[in-house]
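1. Sequence below, structure please.
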Amino acid sequence: MNSDRFLLPAPVEALLWKLGRLLFHVVGLAWQLFMVAPLIIVVVVSFTSASYLMFPPPGYSLDWYREVLSLSWIRSAVTSSLIIATCATLIAVVIGVLASRVLAKRPFRGRGLVEYLVLSPLFLPGVVIGFAIFNVLVMIQMDRVAMPQMIIAHVMITLPFVIRSVWASMAGADISLEEAAQSLGATPAQTFWHVVLKSARPGILAGAILAFTFSFNDVTISIFLTSSRVTTLPVQLVSHIEYNPDPSPAAISTLMIAITLALFVFLARIGGLNAFLER
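-> The predicted model follows:
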């Protein structure tokens, strides 16, 4: 069969290419607006002078930011979230660095299965993971120790971020640097500390920031494990929205957006996002 019969005239092909490119930009712009517009509305509403949620605001004020700082449950929830996120990040970084070293060092039988198991929290729905963790903790009678169970759960869901970024950094490192260090008399421990960790520093920092951000903002996992003694800021925020339709959650959300954005800007400047997306 002659393939030339299926070729379009050059003007038609050029027109279709321009239409396809225009459609791509329109869909991309619509998707960005769909993602960003709710955040912009939340930020604008946080500066309202009204006593209830209303857009556009009748006036602008910083009263709700002052109100947020005076709420007692904010301080306790932020403290709990910081403790949980910090502990989970530190533990996940230690485990993630060691696991990434094993995965990046050399191939072994079953490495693909280990990879899928370790990275599975990135693909599974958060509700499923939270429900499963809750049932396991009940079975081993850890449901009464609120803080440790929350930290364990957050380590499980943040570990893939650390392994993903550190593994990418270690896999792309120059193995000759390790060989040179050992040939000059460095021990394996010294080589690991001064060469391997130094070359993987962007990936480690990227994984730590991603893990901390995800842990601090998580609600789908934490809502299954929260208690009257320990609750995180996102869970407390959801509870507050359910019973109090005032703009204070908008002010809290704006502060969380600003902190998260600052962390990701810092992460992008050090090249950590590239380490996470590679491989």
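2. Distance from the chain centre to stretch 58-71, please.
-> In this view, stretch 58-71 has its centroid 28 Å away from the chain centroid, taken as Cα atoms, centre = their mean, to the nearest Å.
3. Can you list the neighbours in contact with it?
-> Under the criterion Cβ atoms under 8 Å, 6 or more residues apart in numbering, residues 46-50, 74, 246-248, 250-252, 255 lie in contact with stretch 58-71. Glycine gets a C-beta too; all of them are placed from N, C-alpha and C.
4. is it true that residue 121 lies in a strand?
-> No - counting by DSSP: H, G, I helix; E, B strand; the rest coil, residue 121 is not part of a strand but helix.
5. dump the residue contacts of it.
-> With contacts defined as Cβ under 8 Å, 6+ apart, the neighbours of residue 121 are 129, 156, 157, 159, 160.
6. pLDDT on the helix or strand encompassing the fourth one, on average?
-> Okay, so that is residue 159. With the criterion set as DSSP states H and E, the secondary-structure element containing residue 159 is helix 146-171. Within the predicted structure, the mean pLDDT of helix 146-171 is 82.
7. Tell me which residues of that helix come out buried.
-> By neighbour count with 16 or more other Cβ atoms under 10 Å, helix 146-171 contains the buried residues 146, 149-170.
8. Would you map out the domains in the chain?
-> The chain resolves into domains spanning 3-45, 65-277 when parsed by automatic domain parsing.
9. give me the low-pLDDT residue ranges for this structure?
-> Filtered on pLDDT under 70, the chain yields the residue ranges 1-8, 106-108, 110-111, 143, 171-190, 194, 196, 267, 270-279.
10. By residue count, which helix of it is the longest?
-> In the chain, ranked by residue count with DSSP state H as the criterion, the top helix is helix 10-45.
11. buried stuff in the helix or strand that comes right after it?
-> The helix or strand immediately downstream of helix 10-45 is helix 63-70, counting by DSSP H and E. When burial is assessed from 16+ other Cβ under 10 Å, helix 63-70 yields the following buried residues: 63, 64, 65, 68.
12. Understood, closing this out.
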